[in-house]
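Chemist: 3D, please:
(2 chains)
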Number of protein chains: 2
Amino acid sequence: MPETLHPLQALLDARYADASPKMAEFHPESESVEAALAVLLQHRSARAYSPRPVAQPVLDLMMAAAQSASTSSNLQAWSVVAVKDPERKKRLAALAGGQRHIEQCPVFLVWIADLARLEAAGARHNLPRGGLDYLELMLVGVIDATLAAQNAAVAGEAQGLGVVYIGGIRNKPEAVAQELGLPPRAFAVFGMCVGYPDPERPSDVKPRLPTSVVLHEERYDAARNEQPVEDYAARMLSFYQAQGMKTNGDWVQHSLHRVRGAESLQGRDRLVEALKGMGFENR
Amino acid sequence: MPETLHPLQALLDARYADASPKMAEFHPESESVEAALAVLLQHRSARAYSPRPVAQPVLDLMMAAAQSASTSSNLQAWSVVAVKDPERKKRLAALAGGQRHIEQCPVFLVWIADLARLEAAGARHNLPRGGLDYLELMLVGVIDATLAAQNAAVAGEAQGLGVVYIGGIRNKPEAVAQELGLPPRAFAVFGMCVGYPDPERPSDVKPRLPTSVVLHEERYDAARNEQPVEDYAARMLSFYQAQGMKTNGDWVQHSLHRVRGAESLQGRDRLVEALKGMGFENR
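Modeler: The predicted structure is shown next:
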């Protein structure tokens, strides 16, 4: 038996609380493989930043990583708006529900599902483009933007940055579009605060559901959604208490509170209507 | 001036063809940072695999990475079905438009936007869950699944695997759901072939739009969608010809062909109706 823990074991223990897989059998091929995996496993959202600015080459590598992600049929149906202006960040923070870390982070990236580029190319060449009116293409834009954003997040974290995704950017889609000058057929899917984490206010890895709940073999097994979820909910209640987090009960109660009805969606219950006005028919 | 190229420069040159940023100013802090960035930058889709199986610990690390990705309000509104059975892969390949690499890859992962887990928890505890009927929550599921999938892809590629995303899994959503036994409020967002790339059939890094087209400063600049896009379209025509790829003209013509109308969406023009039948009201 090994005397020392596998270097990734501590990260897995944090990720799965007391339900983590044991790493004896994991043999990453090299230290660089292990380093890349550690970047992924040690993610935690950063909501407090040091004032240290983010240098352009660091952002350039985040962008190169974002653009290296897969994209549906190479359509590249996404864009990103980098906001550094304090006044604009303040306005966006207000639109996203008053999240102070948007004001505080040095760079706020807004990730856009962007069909406007294809629309413009089609108009220029007088080519038909009726497919853009379908929900399918909106999803392509959302998926492309998300793949790109996650690669950017990983590239940022590899370079020592912290990030947090901001779904609140969907609270008021038209106002955000106006603030950013988005053309029709473009909308802000989520924001991302980027900066060096404040060393005085570190955040912790948040435990997730056991892998056995989310990974199904051959066919979906609905039984996994029962007792293991209740066990996780109870574990998370301990985590919330240890962290001093204010939540609405355990994970089940907290999560269901979040989806209880239109009134819990912070304005996003009118997303269909808002998107329609912004050029997404979602047919 | 340095005598030798920066080790990441070759990757950037491939990614941006002749429009790549120069790396003199990039100074990754360590070799492990550089290794992690190289994994991201050298992505190329693999569509031909060696018969070598993928060991469970390798998949476990992909899953731990997937679960380490951000998730909206920690809802974890996603699942994944790992398909290895040759007959099931064959049927899924047929449903996704006859893509042979789905049959050939040792593991086919189907990524699920999964609101069924929250539905089950709500039903168990008799909690209201009307929010699940809104487009917003479907998007949360799609975004969560995509963040997880991309982390899994990076963790796989770090370990020497190749992957390719399969949007064709949305061609026939109900049949895919039936094949995988998905409950209501769950749908397959995309598939992902996973395996060791066939060394005899390597794939190339595909050049992307210049960063200046997709990255906007402070506000969206629609002018970037004009001439730089035409220049890229012409560069891609050379790339297609050099690779012997069959395409419908340059990047603009090829992309617009893909979105020309309902008939170009391979069945996905009825996604709204299909999703409705599967429990996604998308209100």
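Chemist: just the strands in the stretch 101-250 of chain A please.
Modeler: Counting by DSSP state E, counting those that start in this stretch, one finds strands in the stretch 101-250 of chain A at the ranges A:107-114, A:162-166, A:186-195, A:215-217.
Chemist: between these, which one is closest to residue A:204.
Modeler: strand A:162-166 (12.5 Å; CB to CB). The C-beta positions use only the backbone N, C-alpha and C, and glycine is treated the same way.
Chemist: the closest one close to chain B?
Modeler: Yes: under the criterion of CB under 8 Å from any CB of the partner chain, chain B is reached by strand A:162-166 at A:164, A:165.
Chemist: how about the strands of the stretch 101-250 of chain A in JSON lines, adding distance to residue A:35?
Modeler: As requested, the strands of the stretch 101-250 of chain A are exported to JSON lines (distance: least, CB to CB, whole Å):
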{"stretch": "strand A:107-114", "distance to residue A:35": "24"}
{"stretch": "strand A:162-166", "distance to residue A:35": "18"}
{"stretch": "strand A:186-195", "distance to residue A:35": "21"}
{"stretch": "strand A:215-217", "distance to residue A:35": "25"}
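Chemist: of the ones you listed, which is nearest residue A:243?
Modeler: strand A:162-166 (15.7 Å).
Chemist: so residue A:274 sits against residue A:174, correct?
Modeler: Yes: the criterion here is CB atoms under 8 Å, and residue A:274 meets it with residue A:174 at 5.7 Å.
Chemist: looking at the two, which one has more neighbours?
Modeler: residue A:274 (21 against 16; other CB atoms under 10 Å in any protein chain shown).
Chemist: element containing that one?
Modeler: helix A:271-277 (DSSP states H and E).
Chemist: average pLDDT for stretch A:178-195?
Modeler: The average pLDDT within stretch A:178-195 is 98.
Chemist: actually, stretch A:7-20.
Modeler: Mean predicted lDDT for stretch A:7-20 stands at 80.
Chemist: buried residues in it?
Modeler: A:8, A:9, A:10, A:11, A:12, A:13, A:14, A:15, A:16, A:17, A:19, A:20 (16 or more other CB atoms under 10 Å in any protein chain shown).
Chemist: got it, and stretch A:269-277?
Modeler: A:269, A:270, A:271, A:274, A:275.
Chemist: and stretch A:179-187, how far from the chain's centre?
Modeler: The chain centroid and the centroid of stretch A:179-187 are separated by 20 Å under CA atoms, centre = their mean, to the nearest Å.
Chemist: could you tell me the end-to-end distance of it?
Modeler: 12 Å (CA to CA, to the nearest Å).
Chemist: contact partners of that stretch?
Modeler: Residues outside stretch A:179-187 that contact it (CB atoms under 8 Å, 6 or more residues apart in numbering or on different chains) are A:79, A:81, A:83, A:88, A:91-92, A:95, A:110, A:112-116, A:119-120, A:132, A:173, A:176-177, A:188, A:275, A:278-280, B:216, B:219-222.
Chemist: quick revisit: report whether the helix holding residue A:274 contacts chain B.
Modeler: Yes: Helix A:271-277 is in contact with chain B by CB under 8 Å from any CB, via A:271, A:272, A:275.
Chemist: so who does the second one touch?
Modeler: Going back to what we said before, that points to residue A:272. For residue A:272, counting by CB under 8 Å, 6+ apart, the contacting residues are A:282, B:135, B:282, B:283.
Chemist: just the buried residues from the contacts of stretch A:179-187, in PyMOL please.
Modeler: To isolate the buried members of those in PyMOL, using 16+ other CB under 10 Å:
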select buried, (chain A and resi 79+81+83+88+91+92+95+110+112+113+114+115+116+119+120+132+173+176+177+188+275+278+279+280) or (chain B and resi 216+220+221)
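Chemist: please, where are all the helices along chain A?
Modeler: Assigned by DSSP state H, the helices in chain A fall at A:9-16, A:31-41, A:56-68, A:86-95, A:100-104, A:116-125, A:135-158, A:173-180, A:211-214, A:227-243, A:251-258, A:271-277.
Chemist: quickly compare those and say which is most buried.
Modeler: helix A:135-158 (a mean of 27; mean count of other CB atoms under 10 Å in any protein chain shown).
Chemist: the inter-axis angle of that helix versus strand B:107-114?
Modeler: Counting by axes from the mean of the first three to the mean of the last three CA atoms, to 10 degrees, helix A:135-158 lies at 110 degrees to strand B:107-114.
Chemist: returning to that earlier point: residue A:206: which of the contacts of residue A:272 is nearest?
Modeler: Distances from residue A:206 to the contacts of residue A:272, taken by CB to CB, are shortest for residue B:135, at 26.3 Å.
Chemist: hmm, that closest one is touching residue B:276, no?
Modeler: No: with contact defined as CB under 8 Å, residue B:135 does not reach residue B:276; the gap is 11.6 Å.
Chemist: shared neighbours, the two?
Modeler: residue B:282.
Chemist: how close does residue A:20 sit to chain B?
Modeler: From residue A:20 across to chain B, the span is 8 Å (CB to the nearest CB, to the nearest Å).
Chemist: show me chain A divided up by domain.
Modeler: A:9-42+A:204-246, A:56-202 (automatic domain parsing).
Chemist: any chance of TSV for those domains, columns distance to residue B:229?
Modeler: Shown next, in TSV, are the domains of chain A (distance: least, CB to CB, whole Å):
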stretch	distance to residue B:229
domain A:9-42+A:204-246	33
domain A:56-202	6
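Chemist: any low-confidence regions in chain A?
Modeler: Within chain A, the segments meeting pLDDT under 70 span A:1-5, A:18-19, A:21-29.
Chemist: switch to 50 and redo it
Modeler: Scanning chain A for pLDDT under 50 picks out the ranges A:1-3.
Chemist: report the contact partners of the residue most central in space within it.
Modeler: Nearest to the geometric centre of chain A sits residue A:165, at 4.4 Å (CA atoms, centre = their mean). Residue A:165 makes contacts with A:45, A:149, A:153, A:190, A:191, A:192, B:70, B:72, as judged by CB under 8 Å, 6+ apart.
Chemist: for it, list each beta-bridge partner.
Modeler: Going by DSSP bridges, residue A:165 is paired in beta bridges with residue A:192.
Chemist: tell me how far it lies from residue A:43.
Modeler: For residue A:165, the distance to residue A:43 (CB to CB, to the nearest Å) stands at 11 Å.
Chemist: overlap of the contact sets of those two?
Modeler: With CB under 8 Å, 6+ apart, residue A:165 and residue A:43 have common neighbours A:153, B:70.
Chemist: picking that back up, distance to residue B:227 for the residues of helix A:271-277 next to chain B - can I get that in a markdown table?
Modeler: Below are these laid out as a markdown table (distance: CB to CB, whole Å):
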| residue | distance to residue B:227 |
| --- | --- |
| A:271 | 34 |
| A:272 | 35 |
| A:275 | 29 |
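Chemist: from the residues you listed, which single one is nearest residue A:63?
Modeler: Of the residues of helix A:271-277 next to chain B, the one sitting nearest to residue A:63 (CB to CB) turns out to be residue A:275, at 26.2 Å.
Chemist: who touches that closest one in this structure?
Modeler: Contacts of residue A:275 (CB under 8 Å, 6+ apart): A:138, A:173, A:187, A:282, B:135.
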